[in-house]
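**Student:** sequence first, predicted model second:
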Amino acid sequence: MKKQYVIIGGDAAGMSAAMEIVRARDPEETAIITLEKGEIYSYAQCGLPYVIEGDVRSTKQLIARDVSTFREKHGIDARIHTEVTSIDCENKTVTFVTEEQTEETIVYDKLLIASGAKPFIPHLPGNDLPGVHTLKTIPDLEAIQAELSGTKHITIVGTGYIGLEMAEALIAQGKQVHMVARSHQLASTFDADMATHLKEEATAQGVHVLFQTNVSALHAGDNGRVHRVETDRGTFETDLVLFATGIAPNTEFLNECPIEQHENGAVCVNDYLETTVRDVYAAGDCATQYHRVKKQQDYMPLGTHANKQGRIAGMNMSETEPLRKYPGMVGTAVFRFFNLTAAMTGLTEQAARDLHLDIETVSYDGTHIAGYFENKMPLHVKLVYDRKSDQLYGAQAIGAGADKRIDVAATALYQELTCRDLEDLDLSYAPPYNGVWDPLQQAARRRKRY
């Protein structure tokens, strides 16, 4: 009998794990079965807005490997239109519904839950009208593309990374964009003082943002499509609505399973990506990630984490010695918003205060290259650090070159460096690339010392 590896989910985490098992195990002794609810495997979700913007020509460019490649080249039983409905951890079985609507059950020796996440849509009247969309999959994107030619006014509910990236993409297509934000700022993962730079850019680019506004209902026009957005601050007309209000882990099928879950439904895992049930692993957007700065399990669903977790889970499921630990993450993220790059890592000021840490902050407004160049562009940096130990807790940067600085800060966080250590780092310098003191170091030099 072949040892049977079952993987729920055919995207980043799931297929990273599957390929590690392919590399580690004898195919004569191993069966790998992947169960994918959709029909597209291994695609770059983060690239979807750039297809609309025009930076990426086709959704085909976003697919790393198609289903046939996994089946024919790697010998994986890669199934599509297969929705898992339950797991029996005691008998080690997975039950699912096929495209033909038949229910089937298979046995596993090792199981990986890599079911990803789904867009969260608020429960409100009209949220299922034609013209109301989310963006998570290639079919989602194609549905939006099919309607764009007949639209002029577009409403984006939510101001996170996807919402902001889609605002940029739709403005590039000549659309009028309204954004509705429940909070008082854009990108709530940044501190409010840093997010003001995003607000200024939105205004400069013609994006109209309604802050501290709640959508209460969507209403159809005479053609049955969404036509009006009703909020607690008034009603306005629209041709299309995109909900970008966050995501939730795809874990409903675990309701009868004794696997420990995070308060938001994500599967809790240990250093080896094991769940609380023997021979069951989890990785990617449906799982928790250990936060090295917070020193606790957290939930930050990003493609980088999914690929790393999936790869390590696959190694450990294969029982390759020695077992590999997932070392955790530090909360690094970056996105483009028109002419700005916005990046962050570690803890924001607000997050640090929520953890009752004794912190100070320092900000620096500089330029991305030597200040005497005519083509210099603004760069705003903020550091969060421990008042007594000088330990770096987090960094945010908005402007040209923010990505470079945040990657340095992320490395510093990973190695638990102090702000003094930042000052001493030997970073590259030439006037077309940097100032003699990097803006990250300029910020560190301006901090309060105790």
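**Tutor:** Looks like it came in fine.
**Student:** tell me where the stretch 201-350 of the chain has strands.
**Tutor:** According to DSSP state E, counting those that start in this stretch, the stretch 201-350 of the chain carries its strands in the segments 208-210, 215-220, 226-231, 234-237, 240-243, 247-249, 280-282, 289-291, 296-298, 333-337, 340-346.
**Student:** possible to save these as a markdown table with distance to A24?
**Tutor:** C-beta: built from backbone N, CA, C; applies to glycine. Converted to a markdown table, those look like this (distance: least, CB to CB, whole Å):
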| stretch | distance to A24 |
| --- | --- |
| strand 208-210 | 50 |
| strand 215-220 | 49 |
| strand 226-231 | 50 |
| strand 234-237 | 56 |
| strand 240-243 | 41 |
| strand 247-249 | 27 |
| strand 280-282 | 14 |
| strand 289-291 | 23 |
| strand 296-298 | 27 |
| strand 333-337 | 31 |
| strand 340-346 | 32 |
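**Student:** can you pull the contacts of the residue nearest to the spatial centre of the chain?
**Tutor:** Nearest to the geometric centre of the chain sits L302, at 3.2 Å (CA atoms, centre = their mean). Counting by CB atoms under 8 Å, 6 or more residues apart in numbering, L302 touches A333.
**Student:** now do T276
**Tutor:** Each residue near T276 by CB under 8 Å, 6+ apart is listed here: 258-260, 268.
**Student:** so which of these is the most crowded?
**Tutor:** Of the contacts of T276, I259 is surrounded by the most neighbours, 17 neighbours in total, counting by other CB atoms under 10 Å.
**Student:** OK, contacts around that one?
**Tutor:** With contact taken as CB under 8 Å, 6+ apart, I259 is in contact with 87, 89, 113, 267-268, 275-277, 280, 282.
**Student:** chain center to the longest helix anywhere in the chain: distance?
**Tutor:** Ranked by residue count and defined by DSSP state H, the top helix of the chain is helix 303-317. When distances are taken as CA atoms, centre = their mean, to the nearest Å, helix 303-317 is centred 15 Å away from the chain's centroid.
**Student:** elements contacting that helix?
**Tutor:** The elements that helix 303-317 packs onto, with contact taken as 3 or more CB pairs under 8 Å, 6 or more residues apart in numbering; DSSP states H and E, are helix 12-24, strand 110-113, strand 280-282.
**Student:** angle of the longest one against helix 303-317?
**Tutor:** Just to be clear, that refers to helix 12-24. 40 degrees (axes from the mean of the first three to the mean of the last three CA atoms, to 10 degrees).
**Student:** follow-up on the earlier one: what about the residue nearest to the centre of the chain, distance to K110?
**Tutor:** In this view, L302 and K110 are 25 Å apart by CB to CB, to the nearest Å.
**Student:** what is the nearest of the contacts of T276 to S363?
**Tutor:** C268 (36.2 Å; CB to CB).
**Student:** if I look at the closest one, how far off is C286?
**Tutor:** Here the criterion is CB to CB. By it, C268 lies 11 Å from C286.
**Student:** tell me where the protein has helices.
**Tutor:** Per DSSP H, the chain carries helices over the ranges 12-24, 48-53, 67-68, 138-148, 161-172, 192-204, 303-317, 349-354, 402-414, 419-424, 439-445.
**Student:** so which of the ones you listed is nearest V94?
**Tutor:** Of all these, helix 12-24 sits nearest to V94, with 13.3 Å by CB to CB.
**Student:** what is the closest one packed up against?
**Tutor:** Under the contact rule (3+ CB pairs under 8 Å, 6+ apart), helix 12-24 is packed against strand 3-8, strand 30-35, strand 110-113, helix 303-317.
**Student:** let's see that with 6 Å instead.
**Tutor:** Helix 12-24 is packed against strand 3-8, strand 30-35, helix 303-317, with contacts defined by 3 or more CB pairs under 6 Å, 6 or more residues apart in numbering; DSSP states H and E.
**Student:** quick one: buried residues of that helix?
**Tutor:** Under the neighbour-count criterion of 16 or more other CB atoms under 10 Å, helix 12-24 has 12-22 buried.
**Student:** with only the CA atoms kept, save that helix in PDB.
**Tutor:** Only the C-alpha atoms of helix 12-24 are listed here, as PDB (Å, rounded to 0.1, in the frame of the first residue of the first chain):
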ATOM      1  CA  ALA A  12       0.800  28.500  -2.800                       C
ATOM      2  CA  ALA A  13       1.000  26.600   0.500                       C
ATOM      3  CA  GLY A  14      -0.600  23.400  -0.800                       C
ATOM      4  CA  MET A  15       1.500  23.000  -3.900                       C
ATOM      5  CA  SER A  16       4.700  24.100  -2.200                       C
ATOM      6  CA  ALA A  17       4.200  21.200   0.100                       C
ATOM      7  CA  ALA A  18       3.200  18.800  -2.600                       C
ATOM      8  CA  MET A  19       6.400  19.500  -4.600                       C
ATOM      9  CA  GLU A  20       8.500  18.900  -1.500                       C
ATOM     10  CA  ILE A  21       6.900  15.600  -1.000                       C
ATOM     11  CA  VAL A  22       7.500  14.800  -4.700                       C
ATOM     12  CA  ARG A  23      11.200  15.600  -4.200                       C
ATOM     13  CA  ALA A  24      11.600  13.600  -0.900                       C
END
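**Student:** and the nearest residue to D407 once chain neighbours are set aside, what pLDDT?
**Tutor:** Nearest residue to D407 in three dimensions, chain neighbours excluded: T332, at 7.6 Å (CB to CB, 6 or more residues apart in numbering). At T332, the model reports a pLDDT of 98.
**Student:** correct me, but T332 touches A410?
**Tutor:** Yes: with contacts counted by CB atoms under 6 Å, T332 reaches A410, the gap being 4.4 Å.
**Student:** overlap in contacts of those two?
**Tutor:** Shared contacts of T332 and A410, defined by CB atoms under 6 Å, 6 or more residues apart in numbering, comprise T345.
**Student:** of the helices of the chain, which is nearest H219?
**Tutor:** Between the helices of the chain, helix 138-148 lies closest to H219; by CB to CB that is 17.5 Å.
**Student:** so which residues make contact with that closest one?
**Tutor:** Outside helix 138-148, the residues within contact range by CB under 6 Å, 6+ apart are 40, 43, 48, 59, 133-134.
**Student:** give me the number of residues near F335?
**Tutor:** Residues lying near F335 (other CB under 10 Å) number 21.
**Student:** how about it, what does it touch?
**Tutor:** By CB under 6 Å, 6+ apart, the residues touching F335 are 161, 342.
**Student:** and it, bridged to which residues?
**Tutor:** According to DSSP bridges, the partner residues bridging F335 are A342.
**Student:** could I get the pLDDT score of it?
**Tutor:** 98.
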